[in-house]
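Chemist: Just a sequence and a predicted model for now, questions to come.
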Amino acid sequence: MTKPANVHLTNSEAAEYLRLSPRTLEKLRVVGGGPPFRKFGRRVVYTFSELEAWANDRSFDNTSQAH
């Protein structure tokens, strides 16, 4: 899925891009640690560029770094 940086993705679209379940993103919004999101009323959206940055911040060379 290639999207311009300023396109807003729904929870389902963001989860598909990250290959996570939509419920995982919902949980991360509650407990913290997930990608930045925006709220427009009741609607939650993500930007492609922030999803990319969040995913890139989780790049490790070995398992001991992933704490």
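Modeler: Looks like it came in fine.
Chemist: ranges for the helices of the protein?
Modeler: For the chain, the helices defined by DSSP state H cover 11-18, 22-31, 48-56.
Chemist: Please identify the buried residues of the second one?
Modeler: Same thing as helix 22-31. For helix 22-31, the neighbour count (16 or more other C-beta atoms under 10 Å) marks Leu25 as buried. Just so you know, the C-beta spots here come from the backbone N, C-alpha and C atoms, and that holds for glycine as well.
Chemist: one step back: quick one: closest of the helices of the chain to Thr63.
Modeler: Of all the helices of the chain, it is helix 48-56 that lies closest to Thr63, at 17.6 Å by C-beta to C-beta.
Chemist: Report the inter-axis angle for the closest one versus helix 11-18.
Modeler: Helix 48-56 and helix 11-18 are oriented at 50 degrees to each other (axes from the mean of the first three to the mean of the last three C-alpha atoms, to 10 degrees).
Chemist: Report the buried residues of helix 48-56.
Modeler: Buried, per 16+ other C-beta under 10 Å, within helix 48-56: 48, 50-51, 54.
Chemist: If we go by neighbour counts, what in the lengthiest strand in the chain is buried?
Modeler: Criterion DSSP state E: the longest strand present in the chain is strand 43-47. In terms of neighbour count (16+ other C-beta under 10 Å), strand 43-47 has its buried residues at 44, 46-47.
Chemist: Turn the helices of the chain into TSV, including distance to Ser64 and mean pLDDT.
Modeler: Output for the helices of the chain, formatted as TSV (distance: least, C-beta to C-beta, whole Å; pLDDT from 0 to 100):
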stretch	distance to Ser64	mean pLDDT
helix 11-18	23	97
helix 22-31	23	97
helix 48-56	19	94
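Chemist: Let me know which of those helices is the nearest to Phe37.
Modeler: Of the helices of the chain, nearest to Phe37 by C-beta to C-beta is helix 22-31, at 6.3 Å.
Chemist: Counting neighbours, what do you get for the residue lying closest to Glu26 once chain neighbours are set aside?
Modeler: Distances taken as C-beta to C-beta, 6 or more residues apart in numbering place Asn11 nearest to Glu26, at 6.8 Å, with adjacent residues excluded. For Asn11, the neighbour count with other C-beta atoms under 10 Å is 17.
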